[in-house]
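Visitor: predicted model, plus sequence, below.
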Amino acid sequence: MFDGRLVRLRAFEQTDLDANHAFMNDYATLRDMLSGLPLPASYEDERRWLDQQTSYTRGEYQFAIEDGGGDLVGRYTGHTAPLTNS
């Protein structure tokens with residue numbers, strides 16, 4: 001959807017579950033991504049989270065982050081900021 005030199009932002013897909021679960025249980029990733037104590041997420045927790053995601057969920061824009069090889073490497077949440085120039 002949004003292609004940059006190093007990454008691509010796109011909508012989440014059900015096929016992202018395994019990779020999402022893996023990085024949400026990686027301490028180094030969570031330490032840099034979250035404020036507070038990073039807690040592990042079960043596979044079922046991540047499946048439920050993924051089932052609830054759309055490109056626009058609860059007033060937030062949700063994007064999967066892919067590297068140049070098409071691998072899921074993270075997620076981005078943008079809070080109600082317009083994605084167009086006015």
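Guide: Cool, the structure landed. Residues are numbered from 1 along each chain as shown.
Visitor: helices along the protein, start to end?
Guide: 17-23, 27-33, 43-51 (DSSP state H).
Visitor: tell me the mean pLDDT over the first one?
Guide: Spelled out, it's helix 17-23. Throughout helix 17-23, pLDDT has a mean value of 90.
Visitor: for the second one, same thing?
Guide: Per-residue pLDDT values across helix 27-33 average out to 80.
Visitor: strands along this structure, start to end?
Guide: Along the chain, counting by DSSP state E, strands occupy 2-3, 7-10, 56-57, 60-67, 72-79.
Visitor: compare those strands and give me the one nearest Ala41.
Guide: strand 72-79 (12.2 Å; CB to CB). To be clear about C-beta, it is placed using only N, CA and C from the backbone, and glycine gets the same treatment.
Visitor: list the buried residues of that closest one.
Guide: Residues of strand 72-79 classed as buried by neighbour count (16 or more other CB atoms under 10 Å): 72, 74-75.
Visitor: low-confidence ranges in this structure?
Guide: 54-59, 79-86 (pLDDT under 70).
Visitor: so which of the helices of the chain is the most packed in?
Guide: Most buried of the helices of the chain by mean neighbour count (mean count of other CB atoms under 10 Å) is helix 17-23; its value is a mean of 16.
Visitor: report all helices and strands that it contacts.
Guide: Judged by 3 or more CB pairs under 8 Å, 6 or more residues apart in numbering; DSSP states H and E, helix 17-23 is in contact with helix 43-51, strand 72-79.
Visitor: got the angle between the last one and helix 43-51?
Guide: Between strand 72-79 and helix 43-51, the angle comes out at 50 degrees (axes from the mean of the first three to the mean of the last three CA atoms, to 10 degrees).
Visitor: partner strands of strand 72-79 and their direction?
Guide: In the sheet, strand 72-79 lines up against strand 60-67 (antiparallel) (DSSP bridges).
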